[in-house]
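K.L.:
got a structure for you, letters missing:
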DNA sequence: ATGGTCGGTCCCCGA
(Lines give C-alpha, C1' and ligand atoms only; values in the text may rest on other atoms or scores of the structure.)
Protein backbone atom coordinates (compact mmCIF):
# COMPACT_ATOMS: atom_id res chain seq x y z
CA UNK A 1 0.00 0.00 0.00
CA UNK A 2 1.66 3.17 -1.24
CA UNK A 3 0.55 6.62 -0.04
CA UNK A 4 2.00 9.83 -1.47
CA UNK A 5 1.69 13.57 -0.97
CA UNK A 6 2.41 16.28 -3.54
CA UNK A 7 1.91 20.03 -3.57
CA UNK A 8 1.30 20.43 -7.30
CA UNK A 9 0.96 24.24 -7.49
CA UNK A 10 -2.15 24.22 -9.72
CA UNK A 11 -3.78 20.94 -10.76
CA UNK A 12 -4.65 22.48 -14.13
CA UNK A 13 -1.10 23.57 -14.99
CA UNK A 14 0.30 20.29 -13.66
CA UNK A 15 -2.18 17.75 -15.04
CA UNK A 16 0.24 16.06 -17.51
CA UNK A 17 2.95 15.85 -14.83
CA UNK A 18 0.52 14.34 -12.31
CA UNK A 19 -0.88 11.79 -14.77
CA UNK A 20 2.64 10.74 -15.78
CA UNK A 21 3.76 10.35 -12.19
CA UNK A 22 0.67 8.32 -11.25
CA UNK A 23 1.42 5.96 -14.15
CA UNK A 24 5.07 5.55 -13.14
CA UNK A 25 4.86 5.52 -9.34
CA UNK A 26 1.49 3.77 -9.04
CA UNK A 27 0.55 5.09 -5.59
CA UNK A 28 -2.68 3.73 -4.10
CA UNK A 29 -3.42 7.14 -2.60
CA UNK A 30 -2.21 10.61 -3.63
CA UNK A 31 -2.76 13.63 -1.39
CA UNK A 32 -2.75 16.85 -3.41
CA UNK A 33 -2.24 20.43 -2.24
CA UNK A 34 -2.52 23.83 -3.92
CA UNK A 35 -4.87 22.59 -6.62
CA UNK A 36 -6.04 26.21 -7.14
CA UNK A 37 -9.41 25.32 -8.67
CA UNK A 38 -13.00 25.26 -7.47
CA UNK A 39 -14.53 21.80 -7.03
CA UNK A 40 -16.37 21.98 -10.37
CA UNK A 41 -13.13 22.50 -12.28
CA UNK A 42 -11.18 19.65 -10.68
CA UNK A 43 -10.24 17.19 -13.46
CA UNK A 44 -11.95 14.20 -11.79
CA UNK A 45 -12.64 12.49 -15.12
CA UNK A 46 -8.97 12.51 -16.12
CA UNK A 47 -8.08 10.76 -12.88
CA UNK A 48 -11.10 8.45 -13.05
CA UNK A 49 -9.98 7.29 -16.50
CA UNK A 50 -6.72 5.97 -15.03
CA UNK A 51 -8.41 4.35 -12.05
CA UNK A 52 -8.52 6.98 -9.32
CA UNK A 53 -11.56 8.26 -7.41
CA UNK A 54 -11.28 11.72 -5.91
CA UNK A 55 -12.43 13.84 -2.99
CA UNK A 56 -12.00 17.58 -3.43
CA UNK A 57 -12.02 20.73 -1.31
CA UNK A 58 -11.27 23.41 -3.85
CA UNK A 59 -10.93 27.18 -3.88
CA UNK A 60 -10.59 29.78 -6.62
CA UNK A 61 -6.98 30.84 -7.40
CA UNK A 62 -5.46 29.89 -4.03
CA UNK A 63 -5.03 26.82 -1.83
CA UNK A 64 -7.30 23.84 -2.43
CA UNK A 65 -6.68 20.21 -1.44
CA UNK A 66 -7.76 16.83 -2.79
CA UNK A 67 -7.35 13.10 -2.32
CA UNK A 68 -7.02 10.54 -5.12
CA UNK A 69 -7.50 6.84 -4.38
CA UNK A 70 -7.64 3.57 -6.28
CA UNK A 71 -9.76 2.07 -3.49
CA UNK A 72 -13.20 3.42 -2.55
CA UNK A 73 -13.41 6.73 -0.66
CA UNK A 74 -15.89 7.16 2.22
CA UNK A 75 -16.51 9.50 5.18
CA UNK A 76 -15.22 12.69 3.56
CA UNK A 77 -14.56 15.58 5.94
CA UNK A 78 -14.19 19.04 4.41
CA UNK A 79 -12.19 21.59 6.40
CA UNK A 80 -10.32 21.52 9.69
CA UNK A 81 -12.59 21.83 12.74
CA UNK A 82 -12.21 24.69 15.21
CA UNK A 83 -13.02 27.85 13.21
CA UNK A 84 -16.27 28.15 11.29
CA UNK A 85 -15.14 31.46 9.79
CA UNK A 86 -12.00 30.03 8.19
CA UNK A 87 -12.62 30.27 4.43
CA UNK A 88 -9.33 28.88 3.18
CA UNK A 89 -9.45 25.38 1.68
CA UNK A 90 -6.54 23.67 3.40
CA UNK A 91 -7.84 20.41 4.84
CA UNK A 92 -9.66 17.36 3.55
CA UNK A 93 -9.93 13.98 5.21
CA UNK A 94 -11.51 10.68 4.25
CA UNK A 95 -11.54 6.95 4.83
CA UNK A 96 -10.11 4.59 2.26
CA UNK A 97 -11.81 1.23 2.18
CA UNK A 98 -9.00 -1.32 1.91
CA UNK A 99 -11.12 -4.40 2.48
CA UNK A 100 -14.43 -5.12 4.14
CA UNK A 101 -13.05 -4.63 7.65
CA UNK A 102 -9.91 -2.52 7.14
CA UNK A 103 -9.98 1.26 6.71
CA UNK A 104 -7.17 3.75 6.29
CA UNK A 105 -7.95 7.33 7.29
CA UNK A 106 -5.99 9.97 5.39
CA UNK A 107 -5.88 13.76 5.39
CA UNK A 108 -4.47 16.10 2.77
CA UNK A 109 -3.08 19.15 4.55
CA UNK A 110 -1.94 22.50 3.20
CA UNK A 111 -0.72 24.24 6.32
CA UNK A 112 -0.51 28.05 6.01
CA UNK A 113 2.86 29.45 4.94
CA UNK A 114 2.81 32.16 7.62
CA UNK A 115 5.07 34.76 5.99
CA UNK A 116 5.73 37.55 6.69
CA UNK A 117 6.18 36.73 10.37
CA UNK A 118 5.08 40.08 11.86
CA UNK A 119 1.65 39.87 10.21
CA UNK A 120 -1.68 38.17 10.88
CA UNK A 121 -0.59 35.51 8.38
CA UNK A 122 1.82 34.25 11.01
CA UNK A 123 -0.78 34.24 13.80
CA UNK A 124 -3.20 32.45 11.45
CA UNK A 125 -0.55 29.78 10.94
CA UNK A 126 -0.12 29.40 14.72
CA UNK A 127 -3.89 29.14 15.27
CA UNK A 128 -4.22 26.69 12.38
CA UNK A 129 -1.50 24.47 13.89
CA UNK A 130 -3.27 24.50 17.25
CA UNK A 131 -6.51 23.48 15.55
CA UNK A 132 -4.62 20.68 13.80
CA UNK A 133 -3.08 19.52 17.11
CA UNK A 134 -6.54 19.47 18.68
CA UNK A 135 -8.10 17.55 15.78
CA UNK A 136 -5.20 15.08 15.60
CA UNK A 137 -5.72 14.36 19.30
CA UNK A 138 -9.35 13.42 18.56
CA UNK A 139 -8.38 11.28 15.59
CA UNK A 140 -5.70 9.39 17.53
CA UNK A 141 -8.26 8.35 20.15
CA UNK A 142 -9.83 6.17 17.46
CA UNK A 143 -6.68 4.01 17.37
CA UNK A 144 -6.97 3.57 13.61
CA UNK A 145 -4.60 3.47 10.67
CA UNK A 146 -4.16 7.19 10.01
CA UNK A 147 -1.89 9.23 7.75
CA UNK A 148 -1.89 13.02 8.00
CA UNK A 149 0.11 14.08 4.96
CA UNK A 150 0.78 17.26 3.09
CA UNK A 151 2.64 20.51 2.75
CA UNK A 152 3.20 21.42 6.39
CA UNK A 153 5.26 24.52 5.61
CA UNK A 154 7.45 23.45 8.53
CA UNK A 155 11.20 22.77 8.41
CA UNK A 156 11.45 20.36 11.36
CA UNK A 157 15.15 20.99 12.10
CA UNK A 158 18.27 22.78 10.88
CA UNK A 159 19.21 19.57 9.06
CA UNK A 160 16.17 19.93 6.82
CA UNK A 161 17.22 23.10 5.01
CA UNK A 162 20.27 24.30 3.12
CA UNK A 163 20.98 27.30 5.33
CA UNK A 164 19.61 27.42 8.91
CA UNK A 165 20.64 31.07 9.32
CA UNK A 166 18.33 32.17 6.52
CA UNK A 167 15.41 29.97 7.55
CA UNK A 168 15.34 30.50 11.32
CA UNK A 169 13.68 33.92 10.90
CA UNK A 170 11.30 32.63 8.25
CA UNK A 171 7.81 31.38 9.13
CA UNK A 172 8.87 27.91 7.91
CA UNK A 173 11.66 27.58 10.45
CA UNK A 174 10.72 29.80 13.39
CA UNK A 175 11.00 28.25 16.88
CA UNK A 176 7.26 28.82 17.61
CA UNK A 177 6.42 26.82 14.48
CA UNK A 178 8.91 24.03 15.10
CA UNK A 179 7.77 23.64 18.70
CA UNK A 180 4.14 23.27 17.62
CA UNK A 181 5.16 20.73 15.00
CA UNK A 182 6.92 18.79 17.76
CA UNK A 183 3.79 19.04 19.92
CA UNK A 184 1.87 17.48 17.03
CA UNK A 185 4.46 14.69 16.69
CA UNK A 186 4.52 14.15 20.45
CA UNK A 187 0.83 13.26 20.43
CA UNK A 188 2.11 9.96 19.09
CA UNK A 189 2.60 10.58 15.39
CA UNK A 190 5.61 9.32 13.44
CA UNK A 191 7.15 11.52 10.75
CA UNK A 192 7.70 8.76 8.24
CA UNK A 193 10.71 10.01 6.28
CA UNK A 194 12.82 11.05 9.29
CA UNK A 195 11.95 7.84 11.14
CA UNK A 196 13.67 5.83 8.38
CA UNK A 197 16.45 8.21 7.28
CA UNK A 198 19.45 9.76 8.98
CA UNK A 199 20.64 11.82 6.01
CA UNK A 200 20.70 15.59 6.27
CA UNK A 201 19.99 18.19 3.58
CA UNK A 202 17.40 16.18 1.73
CA UNK A 203 14.53 18.31 0.45
CA UNK A 204 11.01 18.25 -0.94
CA UNK A 205 10.71 21.88 -2.10
CA UNK A 206 12.98 24.14 -4.15
CA UNK A 207 11.99 27.72 -4.97
CA UNK A 208 11.54 28.63 -8.63
CA UNK A 209 13.74 31.67 -8.05
CA UNK A 210 17.49 32.20 -8.07
CA UNK A 211 18.34 28.75 -9.44
CA UNK A 212 17.38 27.08 -6.17
CA UNK A 213 16.81 23.69 -7.84
CA UNK A 214 20.12 23.77 -9.75
CA UNK A 215 22.00 24.73 -6.56
CA UNK A 216 20.02 22.28 -4.41
CA UNK A 217 18.90 25.09 -2.15
CA UNK A 218 15.80 23.38 -0.81
CA UNK A 219 13.79 22.71 2.31
CA UNK A 220 12.02 19.58 3.56
CA UNK A 221 8.50 20.73 4.36
CA UNK A 222 6.26 17.99 2.93
CA UNK A 223 5.59 15.32 5.51
CA UNK A 224 3.67 12.10 6.16
CA UNK A 225 2.61 11.75 9.81
CA UNK A 226 1.52 8.27 10.86
CA UNK A 227 -0.60 7.06 13.78
CA UNK A 228 1.02 4.28 15.87
CA UNK A 229 -1.14 1.68 14.11
CA UNK A 230 0.10 2.91 10.71
CA UNK A 231 3.70 3.41 11.86
CA UNK A 232 3.81 -0.25 12.94
CA UNK A 233 3.27 -1.16 9.27
CA UNK A 234 5.73 1.36 7.79
CA UNK A 235 8.15 -0.30 5.37
CA UNK A 236 9.62 2.46 3.30
CA UNK A 237 9.48 6.22 2.74
CA UNK A 238 11.16 8.18 -0.03
CA UNK A 239 11.23 11.56 -1.69
CA UNK A 240 10.97 11.24 -5.47
CA UNK A 241 13.06 14.07 -6.88
CA UNK A 242 12.39 13.22 -10.53
CA UNK A 243 9.21 15.27 -11.04
CA UNK A 244 10.97 18.44 -9.81
CA UNK A 245 13.54 18.19 -12.59
CA UNK A 246 11.04 17.85 -15.40
CA UNK A 247 9.62 20.58 -17.60
CA UNK A 248 6.75 22.65 -16.22
CA UNK A 249 7.51 21.22 -12.77
CA UNK A 250 5.84 22.11 -9.50
CA UNK A 251 8.20 23.68 -6.96
CA UNK A 252 7.46 20.67 -4.69
CA UNK A 253 8.19 17.01 -5.39
CA UNK A 254 6.23 13.94 -4.19
CA UNK A 255 6.94 12.18 -0.90
CA UNK A 256 5.63 8.63 -0.55
CA UNK A 257 5.56 5.81 1.97
CA UNK A 258 4.68 2.14 1.88
CA UNK A 259 2.65 0.33 4.50
CA UNK A 260 2.62 -3.45 4.88
CA UNK A 261 -1.05 -3.81 3.98
C1' DA B 1 26.59 39.70 -16.96
C1' DT B 2 23.68 44.97 -11.06
C1' DG B 3 19.25 40.25 -12.88
C1' DG B 4 17.80 35.33 -12.16
C1' DT B 5 10.19 32.38 -11.08
C1' DC B 6 5.81 30.69 -11.39
C1' DG B 7 0.46 30.45 -11.49
C1' DG B 8 -3.79 32.62 -11.35
C1' DT B 9 -6.00 36.43 -11.96
C1' DC B 10 -10.32 42.20 -10.15
C1' DC B 11 -2.36 43.60 -13.86
C1' DC B 12 -0.74 42.54 -8.62
C1' DC B 13 -0.81 38.79 -4.93
C1' DG B 14 0.89 34.60 -2.82
C1' DA B 15 4.49 31.39 -2.55
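P.N.:
Here it is on my side, so go on. Since we're looking at a predicted model, the values are computed, not measured.
K.L.:
Residue A:134: how many residues sit nearby?
P.N.:
13 (other Cβ atoms under 10 Å). Quick note: C-beta positions are derived from backbone N, CA and C, even for glycine.
K.L.:
Let's see the pLDDT reported for it.
P.N.:
For residue A:134, the pLDDT comes out at 98.
K.L.:
Verify the contact between it and residue A:82 for me.
P.N.:
Yes - counting by Cβ atoms under 8 Å, residue A:134 touches residue A:82, with 6.1 Å between them.
K.L.:
Hmm, residue A:120 and residue A:114 touching each other?
P.N.:
No - distance between residue A:114 and residue A:120: 10.1 Å, which falls outside the contact criterion (Cβ under 8 Å).
K.L.:
So which of these two has more stuff around it?
P.N.:
Between residue A:114 and residue A:120, residue A:114 has the larger neighbour count (other Cβ under 10 Å), namely 23 against 8.
K.L.:
pretty sure the more buried one is in a helix, no?
P.N.:
No - with DSSP: H, G, I helix; E, B strand; the rest coil as the criterion, residue A:114 is located in coil rather than a helix.
K.L.:
Residues contacting stretch A:188-198, please?
P.N.:
For stretch A:188-198, contacts defined as Cβ atoms under 8 Å, 6 or more residues apart in numbering pick out A:136, A:140, A:148, A:156, A:185, A:202, A:220, A:223-228, A:230-231, A:234, A:236-239, A:255, A:257.
K.L.:
Going by neighbour count, list what's buried in that stretch.
P.N.:
Buried residues in stretch A:188-198, defined by neighbour count with 16 or more other Cβ atoms under 10 Å: A:189-194.
K.L.:
pLDDT of that stretch, averaged?
P.N.:
For stretch A:188-198, the per-residue pLDDT averages 98.
K.L.:
Can you give me the first-to-last residue distance of that stretch?
P.N.:
20 Å (Cα to Cα, to the nearest Å).
K.L.:
same deal with stretch A:238-257?
P.N.:
6 Å.
K.L.:
Next, residue A:4: phi, psi?
P.N.:
Backbone geometry at residue A:4, expressed as degrees, to the nearest 10, gives phi -130, psi 160.
K.L.:
before we move on, back to that, the contacts of stretch A:188-198 in helices, which ones?
P.N.:
A:136, A:140, A:185, A:228, A:230-231 (DSSP state H).
K.L.:
In PyMOL, how would I select just the buried ones from those?
P.N.:
A single PyMOL command selects the buried members of the ones in helices among the contacts of stretch A:188-198 (16+ other Cβ under 10 Å):
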select buried, chain A and resi 136+140+185+230+231
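K.L.:
can you list the ones in helices among the contacts of stretch A:188-198 in TSV and add distance to residue A:207?
P.N.:
Formatted as TSV, these follow (distance: Cβ to Cβ, whole Å):
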residue	distance to residue A:207
A:136	29
A:140	34
A:185	26
A:228	35
A:230	31
A:231	31
